[in-house]
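J.: Got a predicted structure here, sequence first:
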Amino acid sequence: MLFADITGSTALGERLDPERFREVMQSYGNAMREEIEAEGGTVEKFIGDAVMAAFGVPAAHEDDPERALRASLRMMRRLDELNRDLERVYDVSLQIRVGINTGEVLAATNPGPGDAMVTGDAVNAASRLQGVADPGAIFVSQRTADAVRGFSFEDRGLHELKGKRDRVRAVRLVEETGIGSRGVPGLSAPMVGRASELDLLRSILERVVQERRPHLVTVYGEAGVGKSRLTAEFLRWAESTDPPPTVLRGRCLPYGDGITYWPLAEILKGHAGILDSDPPELAVEKVRKTGRRQPSRTRWDSRTRRCPSLTPTRVRSATSSMPRGGRSSPHSGRAFPSSSSSRTSIGPTPCSWISSTSSRSTSRARSSSSVRRDLT
């Protein structure tokens, strides 16, 4: 559950006439809804100047806590953009505080008009966390923080929440640090039963280095069979070779709109050192500098150097005749259902790809009127 509330809205209402105040609040509500839904969340309701959203209803996902945290960070960034427009048009700016909690609730998958979508103590706790958060801060329950990887937090101690018998520990969300690690931090175990697959990956990389031709490897299977572990073991071996390859990482998201090039964007941002706060002009310049630093060691570099002046359609045409290596996949061309996957580019002047795809489809809500769910 995610609650976001505007601080100082009462004073703001006194400054503006009703029509202008309504326009400000509509702009705020529309912007926050877009950011929440972009991460797969559902806006349950607007309560005055507060937003209540659920992640896990009507469809549950394995990464709902991460989605909620990313949505809150997006909301903060979007609010900065919105404030620039509000200051110019209305001479006002908004500030919000956010509370996020994970817990069991009773969820109505098909609520009627006026009916609550979710009810339970987890909902109340999220609202209370928002109430004790500092303006401009995101307070997260300990259970939510324990359920995610790839985020940094600041401990804010125990808090007495209204209606709660025991004090609740809260942490402040600082930032997203990147792709989280799998497994339990500090613990490791030997990989078992994947020697042939690991040998295959090693031989492909050796062929890439010798032939100077790109190869694509797709590792697919049910969730939990060890795709990420196989990739991690292979990369650990690859990075120990001399010279070590360049390793670039990107991921495909199972939600959101307009994210076709998301893996490429993540790879470029990480390799070029692009920050989310960089203006477009600076980001483009960083990409160009990175391209100029790459040595011309492959037969297709002469073509790719023309890409900055071409449209996406012409880039595809210009690169369609590039030499391609064999594709090591038992089912080449197989279409996979929409699911989360990660891509790692490996090889000198990256020319080999390993992509990891889960065949488990998104969980669907049952058709009954209500179902017990763990929500964030």
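T.: Arrived safely.
J.: which residues of the stretch 251-376 of the chain score low on pLDDT?
T.: Filtered on pLDDT under 70, the stretch 251-376 of the chain yields the residue ranges 254-258, 294-376.
J.: please redo it, this time with the cut-off set to 80
T.: In the predicted model of the stretch 251-376 of the chain, residues 251-260, 275-277, 293-376 satisfy pLDDT under 80.
J.: With the stretch 101-250 of the chain instead?
T.: Filtered on pLDDT under 80, the stretch 101-250 of the chain yields the residue ranges 107-117, 159-167, 178-188, 223-224.
J.: Can you show me the strands along it?
T.: Under the criterion DSSP state E, counting those that start in this stretch, the stretch 101-250 of the chain contains strands at 103-108, 118-119, 138-141, 151-159, 168-176, 215-221, 247-252.
J.: what angle sits between the fourth one and strand 168-176?
T.: Strand 151-159 runs at 160 degrees relative to strand 168-176, counting by axes from the mean of the first three to the mean of the last three C-alpha atoms, to 10 degrees.
J.: Tell me which residues of strand 151-159 come out buried.
T.: Going by neighbour count (16 or more other C-beta atoms under 10 Å), the buried part of strand 151-159 is 151, 153, 156, 159. Heads up, the C-betas are built off the backbone N, CA and C, glycines and all.
J.: can you pull out the helices in the stretch 201-350 of the chain?
T.: In the stretch 201-350 of the chain, the helices defined using DSSP state H, counting those that start in this stretch lie at 227-238, 262-272, 280-293, 301-304, 312-319.
J.: Residue 95 is nearest to which of these?
T.: Closest approach to residue 95 among the helices of the stretch 201-350 of the chain (C-beta to C-beta): helix 280-293, 26.0 Å.
J.: buried residues in the closest one?
T.: Neighbour counts over helix 280-293 (16+ other C-beta under 10 Å) mark 283, 286-287, 291 as buried.
J.: Repeat that for stretch 207-223.
T.: Going by neighbour count (16+ other C-beta under 10 Å), the buried part of stretch 207-223 is 207-208, 212-220.
J.: ok, those residues vs residue 238, which is closest?
T.: Each of the buried residues of stretch 207-223 was scored against residue 238 by C-beta to C-beta, and residue 208 proved nearest at 10.4 Å.
J.: I'd like the strands of the stretch 101-250 of the chain as a markdown table, with distance to residue 34 appended.
T.: Compiled in a markdown table, the strands of the stretch 101-250 of the chain are given as follows (distance: least, C-beta to C-beta, whole Å):
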| stretch | distance to residue 34 |
| --- | --- |
| strand 103-108 | 23 |
| strand 118-119 | 21 |
| strand 138-141 | 18 |
| strand 151-159 | 22 |
| strand 168-176 | 19 |
| strand 215-221 | 32 |
| strand 247-252 | 21 |
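J.: Identify whichever of the ones you listed lies nearest to residue 54.
T.: Judging the strands of the stretch 101-250 of the chain by C-beta to C-beta, what sits closest to residue 54 is strand 118-119, at 5.4 Å.
J.: Return the list of strands paired to that closest one, each annotated with direction.
T.: Each strand pairing with strand 118-119, determined using DSSP bridges, is listed with its direction: strand 103-108 (antiparallel).
J.: Format the CA atom coordinates belonging to the partner strand as CSV.
T.: What follows is the C-alpha trace of strand 103-108 in CSV, where atoms were taken according to Å, rounded to 0.1, in the frame of the first residue of the first chain:
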residue,chain,number,x,y,z
GLY,A,103,0.9,-6.7,4.7
GLU,A,104,-2.1,-8.9,4.4
VAL,A,105,-5.4,-7.3,3.4
LEU,A,106,-8.8,-8.4,2.2
ALA,A,107,-9.0,-7.4,-1.5
ALA,A,108,-12.1,-7.0,-3.5
